[in-house]
Structure formats: structure tokens, C-alpha cells
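*Asks:* Sequence plus the predicted model coming up.
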Amino acid sequence: MKQNQSGRSMIEMLGVLAIIGVLSVGGIAGYSKAMEKFKVDKAISEYSYLIAGLMEHKSSLSKLEANQRYGTDLADFAEAANLVPQSWKKVDALGFNDTYGNRIHTYTNNNKDIAIDFYLGGYEENENTGRVSKAFNTKVCEEIFRNLAKPLQSVLQKAWIYGTNVEFYGNAYCCHSCKCINSLTLSDIHQACNSCIKDSYCAIVFWF
């Protein structure tokens, strides 16, 4: 009789351990997703702050003399104006490596517009083809279009993905033959962010 009770207790214990194991795996997966979302949300917040700060000074920045063939590098200004987190590392006068492994370039283009490049996952130097974006993060790309481009559609001139044929236009620049930011669907965004093929050089580019 005691042996039977001992057997039932062991089976029950194994069952409890199995349930704990399943819950632990599920909990770890849920925690990982929550942390990933937290990091993406924080990155979007940091990018928004940078953009807002640059836009506040757009008129004065557009008057700067070009220090490059395309315009003016703005990383020094962004750093001096406290528009970037201390956790970002300035690489050069053009941009930063952010906390999440992305390279952010900020500058004025040939038309004196403010421009920001998001090299998601950074980029690598390839001896044969030059730079490549092997770690381009499509999930972060989708968040940038959903939570940055769409809310900024009234001030954005253009949001596009360098290295692809993806181009979306802000409200003031929409046309009959253009793809407008205000009409973007989740499917459009997903397709756009998956257009960066392996071993190509891609970046999300905003022009204001």
C-alpha cells in the first residue's frame, strides 16, 4: 500500500515538474519578446527626440555652408544640442552608433533639407562589393515606418529605402503616381522592409 502511494507521488511530482518546465519556457519566450519590444520602443523614442530637435533648428541648419559634397554633417550639432543619448557613440561628424547596433547618419542634403539615414544592424565592409547590410533588421524597419514615418507624414518630404526601389512621400509631396505615406498599409510596410536583399547595402532615409 505504501509503495502505491509512493508511486503516485512520484508521478505527480514528474507532472508538476513538466508543467513548471513548460511554464518556464513560455515565460522566458514572453520575457524575451517583451524586452525586444521595450528596446525597439526606446529606440523609436530616441529617434523621435533627435528628429524633433533637428526640425526645431531647420531654418538655421539649412543656411550652413556645405562641408561635404552633399551638404553639411550634423552629428557634431546633434551632440552639442544634447539631441542624442549618452549611450550613443559618435563615429564621425556624420553619425553615431546607437545603443542597439544601428548606425544613424544625420546631415543636410544637396537641397539643404535635413536628412537622417537609419542603417539597421549597421553595415559591414566587403572587399568585393563595398558595404553590405547583412544584419538589416526588418522588424525595426517596420516599426520605424509605422511609428515614425506615419506620424511624421505632414513634415516628411520623403521616406525611402536606399538600395531598393521603395519610395514613400509625405502629405505635401504626394502625387497621382506616388506612393503616399498616409495611405501605407501594414502589408505595404512589410513588403517594403523585406525588399532589402542579402548582401546589398540598405538604409531607411528620411528627408524633411
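*Replies:* Good, I have the coordinates.
*Asks:* Please enumerate the helices of the chain.
*Replies:* 2-56, 58-61, 75-80, 138-144, 186-193 (DSSP state H).
*Asks:* Give me every residue in contact with the last one, excluding its own residues.
*Replies:* If I follow you right, that is helix 186-193. 138, 141-142, 145-146, 161, 164, 166, 168, 179 (Cβ atoms under 8 Å, 6 or more residues apart in numbering). C-beta coordinates here come from the backbone N, C-alpha and C atoms, glycine included.
*Asks:* ok, of the residues you listed, which one's closest to residue 207?
*Replies:* Ranked by distance to residue 207 (Cβ to Cβ), the contacts of helix 186-193 are led by residue 168 at 11.0 Å.
*Asks:* what's across from that closest one in the sheet?
*Replies:* residue 159 (DSSP bridges).
*Asks:* on that earlier part again, buried subset of the contacts of helix 186-193?
*Replies:* For these, a burial check counting by 16 or more other Cβ atoms under 10 Å picks out 138, 141-142, 145, 161, 164, 166, 168.
*Asks:* can I get those in CSV with pLDDT and distance to residue 132?
*Replies:* Output for the buried ones among the contacts of helix 186-193, formatted as CSV (pLDDT from 0 to 100; distance: Cβ to Cβ, whole Å):
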residue, pLDDT, distance to residue 132
138, 92, 16
141, 95, 16
142, 96, 21
145, 97, 22
161, 96, 15
164, 93, 14
166, 93, 18
168, 97, 24
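*Asks:* Can you pick out the most distant pair from those?
*Replies:* Checking these with Cβ to Cβ, the most distant pair is 138 and 168, at 16.1 Å.
*Asks:* With distance to residue 77 added, can I get the buried ones among the contacts of helix 186-193 in TSV?
*Replies:* Shown next, in TSV, are the buried ones among the contacts of helix 186-193 (distance: Cβ to Cβ, whole Å):
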residue	distance to residue 77
138	31
141	26
142	29
145	26
161	26
164	29
166	29
168	27
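*Asks:* for the residues you listed, which one is nearest residue 74?
*Replies:* Using Cβ to Cβ, the buried ones among the contacts of helix 186-193 come closest to residue 74 at residue 161, 21.1 Å.
*Asks:* ok, now how distant is that closest one from residue 138?
*Replies:* From residue 161 across to residue 138, the span is 11 Å (Cβ to Cβ, to the nearest Å).
*Asks:* Please identify every residue contacting each of the two.
*Replies:* 193, 196.
*Asks:* could you check the distance from the most centrally placed residue in the chain over to residue 98?
*Replies:* Per Cα atoms, centre = their mean, the C-alpha nearest to the average position across the chain is that of residue 140, at 4.4 Å. Noted for residue 140: a distance of 11 Å to residue 98, by Cβ to Cβ.
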